[in-house]
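Enquirer: Here is my input, please return the structure:
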Amino acid sequence: MNGLEEKVTIRALQPEEYPLLADLLYEAIFVPEGAEVPPRAVVHDPALSGYWAAFGSRPGDRALCAVAPEGVVGAVWARRMRGYGFVADDVPELAMALWPAWRGRGLGTRLLQALLQALLRQLRGEGGGRCLFPSSGPIGRPGGCMNGTVSASCGRSRASVYWSAISTAAWK
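Expert: Below is the predicted model of the structure:
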């Protein structure tokens, strides 16, 4: 860490910044060691473009970003869609990425916590609910991916955050 993390703020991603989500989605793709890196155009594949295309046009689209003095360095966003980790129509999926130079500094944790707090407040207002976080890398064990659920209390109701992993294998 070099102290720049302290100058990073978390705020709502502005509509004029939504095009960044395509590039950030590309950064979120897990590529196993030794595997071929997919071309950037993969984010335009219909299976992936749903995570970012026309963002802000659907009810429940929500995005936060980490902003350093030089601009947006990462984002986390939620959207109701039938993506790789589809659970149910009312369960939004989350995506998150940071530019490589900003990884490993705790910013992803800050972003995710901020969005989850906002979603949990929203879900509490709706009487409870769930959301899905498809992870871009191995979770829980080297070279493998796991699925799981994190539950959090929302007043008297419950909310769950589901997570699963997607990788380049999903596009082959």
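Enquirer: What residues of stretch 27-46 count as buried?
Expert: For stretch 27-46, the neighbour count (16 or more other Cβ atoms under 10 Å) marks 27, 28, 29, 30, 38, 42, 43 as buried. For glycine as for every other residue, the C-beta is placed from the backbone atoms N, C-alpha and C.
Enquirer: Could you list the residues in contact with stretch 40-60?
Expert: Contacting residues not belonging to stretch 40-60 are listed as 15, 18, 21-26, 29, 61, 63, 77-84, 92-93, 95, 170-171 [Cβ atoms under 8 Å, 6 or more residues apart in numbering].
Enquirer: how many other residues sit next to the nearest residue to residue 67 once chain neighbours are set aside?
Expert: Spatial nearest neighbour of residue 67, chain neighbours left out: residue 9 (5.2 Å); criterion: Cβ to Cβ, 6 or more residues apart in numbering. As a burial measure, residue 9 scores 10 neighbours (other Cβ atoms under 10 Å).
Enquirer: Got the confidence number for residue 9?
Expert: pLDDT recorded at residue 9 is 93.
Enquirer: Tell me how far it lies from residue 64.
Expert: Separation of residue 9 from residue 64 (Cβ to Cβ, to the nearest Å) stands at 10 Å.
Enquirer: Check residue 114 too.
Expert: Distance from residue 114 to residue 64, by Cβ to Cβ: 5 Å.
Enquirer: Neighbour count for these two, which is higher?
Expert: Higher neighbour count among residue 114 and residue 64: residue 64, with 23 against 17, using other Cβ under 10 Å.
Enquirer: Please list the outside residues in contact with the helix or strand hosting the more buried one.
Expert: Secondary structure assigned from DSSP states H and E places residue 64 in strand 62-68. Outside strand 62-68, the residues within contact range by Cβ under 8 Å, 6+ apart are 4, 7-13, 17-18, 20-21, 55, 72-79, 92, 98, 102, 107, 110-111, 114-115, 118-119, 122.
Enquirer: Swap in 7 Å and give it another go.
Expert: Identification of contacts with strand 62-68 by Cβ atoms under 7 Å, 6 or more residues apart in numbering yields 4, 7-13, 17, 55, 72-78, 98, 107, 110-111, 114-115, 118.
Enquirer: out of the buried residues of stretch 27-46, who's nearest residue 88?
Expert: residue 28 (22.3 Å; Cβ to Cβ).
Enquirer: For the chain, give me the ranges with low pLDDT.
Expert: For the chain, applying pLDDT under 70 flags the ranges 1-5, 119-172.
Enquirer: Where do the strands of it begin and end?
Expert: Secondary structure of the chain by DSSP state E: the strands cover 9-12, 62-68, 71-80, 92-98, 129-135, 148-154, 157-165.
Enquirer: From the contacts of stretch 40-60, list the buried ones, please.
Expert: For the contacts of stretch 40-60, buried by 16+ other Cβ under 10 Å: 18, 21-22, 24-26, 29, 61, 63, 77-81, 83-84, 92-93, 95.
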